[in-house]
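In: got a predicted model here, sequence first, then my questions.
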Amino acid sequence: MFEKWTRMILFLFVAIGLWETKNAHASISLPKPSFDGRVSVEKAIKERRTIRDFRERVLSLAHLSQLLWAAQGITDPTGRKGAAPSGGALYPLDVYVLIGENGIEKMEAGVYHYLPKEHSISPIFKGDRRKEIASASLSQMWMAKAPAIIIITTEYRRIMGKYGERGVRYALIEVGHVGQNLFLQAEALGLGAGIVGAFNDSEVSKVAGLPAEHEPLLIMPVGYKK
């Protein structure tokens, strides 16, 4: 009888551990993005500036939803087209977001992966890693003051399978489109975004817990302008 109860207890511990592991990376649904803003494209283009100084003010979950949708969200009923143009509609990019402590309302600090088709985010790591990312970006510590830091990565093989070496160029063109979308969406929301290309790739990957095949191309801190 004692052995039976021991086996049952061990089974429960294993089951709970498996459940926690499975749900540790369960995706978090985001609010539905808006498709009709109050700021014109022309005004957003005119007012956009690169921001390197942010206020200590929490962003809403709706802000995060809108920014991620503008970067890589689905924009057609078939679910095949994204917010930024992509060579051959192959979409080699992935978007990650580092959320700081008290950075986004109702969200724990941590690293999250954006899932465009579900319009949700999947947690990668818990904890505020903004200072580590800033340090990996040649010690540009101003970045650590932004409530959220967006990292755009590429998986070249998705596009090189069709276009060969030319696919590298197409991926780099695409990340430019995504970056501009983020700039303009931030401006339209009354926010500001910075842009960082100077960083240690391997260190950024390590801090953000990126898969080996996802190479970081661009980092964009986002928040309220100071």
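Out: Received it, and whenever you're ready, just let me know what you need. Numbers count the residues shown, from 1 in each chain.
In: alpha carbons only for contacts and neighbour counts from here, please
Out: OK.
In: tell me the mean pLDDT over whichever strand in the chain runs longest?
Out: The longest strand of the chain (DSSP state E) is strand 215-223. Model confidence over strand 215-223, given as mean pLDDT, is 98.
In: ok now that strand, how far from the chain's centre?
Out: The chain centroid and the centroid of strand 215-223 are separated by 8 Å, computed with CA atoms, centre = their mean, to the nearest Å.
In: if you count neighbours, what's buried in it?
Out: 215-223 (16 or more other CA atoms under 10 Å).
In: now the closest residue to residue 225 other than its chain neighbours: phi and psi?
Out: Spatial nearest neighbour of residue 225, chain neighbours left out: residue 54 (4.9 Å); criterion: CA to CA, 6 or more residues apart in numbering. Backbone torsions for residue 54, taken as degrees, to the nearest 10, come to phi -120, psi 150.
In: rewinding a little: elements contacting the longest strand of the chain?
Out: Counting contacts by 3 or more CA pairs under 8 Å, 6 or more residues apart in numbering; DSSP states H and E, strand 215-223 packs against strand 148-154, helix 166-188, strand 192-193, helix 201-208.
In: which other residues reach it?
Out: With contacts defined as CA atoms under 8 Å, 6 or more residues apart in numbering, strand 215-223 is touched by 54-55, 57, 59, 143, 146-155, 175, 179, 186, 191-197, 201, 204-205.
In: doesn't residue 67 fall inside a helix?
Out: Yes - counting by DSSP: H, G, I helix; E, B strand; the rest coil, residue 67 is part of a helix.
In: can you dump the C-alpha coordinates of the longest strand of the chain into CSV?
Out: Output of strand 215-223 as CSV, limited to C-alpha atoms (Å, rounded to 0.1, in the frame of the first residue of the first chain):
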residue,chain,number,x,y,z
GLU,A,215,19.5,36.2,-36.3
PRO,A,216,18.8,39.7,-34.8
LEU,A,217,18.8,42.5,-37.4
LEU,A,218,17.2,45.5,-35.7
ILE,A,219,16.3,46.7,-32.2
MET,A,220,13.6,49.3,-31.6
PRO,A,221,12.9,50.7,-28.1
VAL,A,222,9.4,52.2,-27.8
GLY,A,223,7.7,54.4,-25.2
